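Asks: Below is the sequence, then the predicted model.
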Amino acid sequence: MSKYHAVRTNGFASKAEDRRNSELVLLERANVIKNLVRQPRYVLLPAWPEGGYKCPLVYVGDFEYYDKAADKVILEDVKGIITPVYKIKKRLLEQLHGIKITEVR
């Protein structure tokens with residue numbers, strides 16, 4: 001059982017994430033979106049071995065896709081609970097990469 005009582009379903013972290021994946025797959029088949037990517041990764045801070053940080057600080061989203069109607073790439077995160085760590089990573093992603101996260105509840 002996870003800390004926030006999410007139940008892993010079909011390889012996804014929660015039932016909500018699994019449902020959203022099903023919706024996005026249908027939208028991709030209907031040619032409304034394209035280039036659906038699951039678990040896209042963005043480096044927020046690179047590894048810095050000299051400073052004692054062997055691993056980079058990474059934000060992992062839930063889904064990324066190109067929305068044809070909006071003519072832009074959308075990065076989604078399915079959220080039940082917004083944690084302080086998520087808030088920091090969201091802010092870093094926006095400031096460093098200029099990418100805004102679309103939160104799906």
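Replies: Structure's in. What do you need?
Asks: Please report how far the most centrally placed residue in the chain lies from residue 73.
Replies: With distances taken as Cα atoms, centre = their mean, the residue of the chain nearest its centroid is residue 61 (1.5 Å). Distance check for residue 61 against residue 73: by Cβ to Cβ, to the nearest Å, it reads 11 Å. Using the backbone N, CA and C atoms, a C-beta is placed for each residue, glycine as well.
Asks: cool, and residue 103?
Replies: Counting by Cβ to Cβ, the gap from residue 103 to residue 73 is 16 Å.
Asks: before we move on, what about residue 95?
Replies: Counting by Cβ to Cβ, the gap from residue 95 to residue 73 is 18 Å.
Asks: Looking only at neighbour counts, state which of the two leads.
Replies: Applying other Cβ atoms under 10 Å to residue 95 and residue 73 shows that residue 73 carries more neighbours, namely 13 against 10.
Asks: Shouldn't that one be within a strand?
Replies: Yes - assessed by DSSP: H, G, I helix; E, B strand; the rest coil, residue 73 belongs to a strand.
Asks: tell me the SS of the residue nearest to it when sequence neighbours are not counted?
Replies: If the residues on either side of it in the chain are set aside, residue 73 comes closest to residue 66, at 5.4 Å by Cβ to Cβ, 6 or more residues apart in numbering. The three-state label for residue 66, taken from three-state DSSP, comes out as strand.
Asks: surely residue 66 meets residue 34?
Replies: Yes - between residue 66 and residue 34 there is a contact at 5.1 Å, judged by Cβ atoms under 8 Å.
Asks: Compare the two (neighbour count), which wins?
Replies: Regarding residue 66 and residue 34, a neighbour count based on other Cβ under 10 Å identifies residue 66 as having more, with 15 against 11.
Asks: Tell me, how many residues neighbour residue 41?
Replies: In terms of burial, residue 41 registers 11 neighbours under the definition other Cβ under 10 Å.
Asks: quick one, what contacts residue 100?
Replies: Neighbouring residues of residue 100 by Cβ atoms under 8 Å, 6 or more residues apart in numbering: 75, 94.
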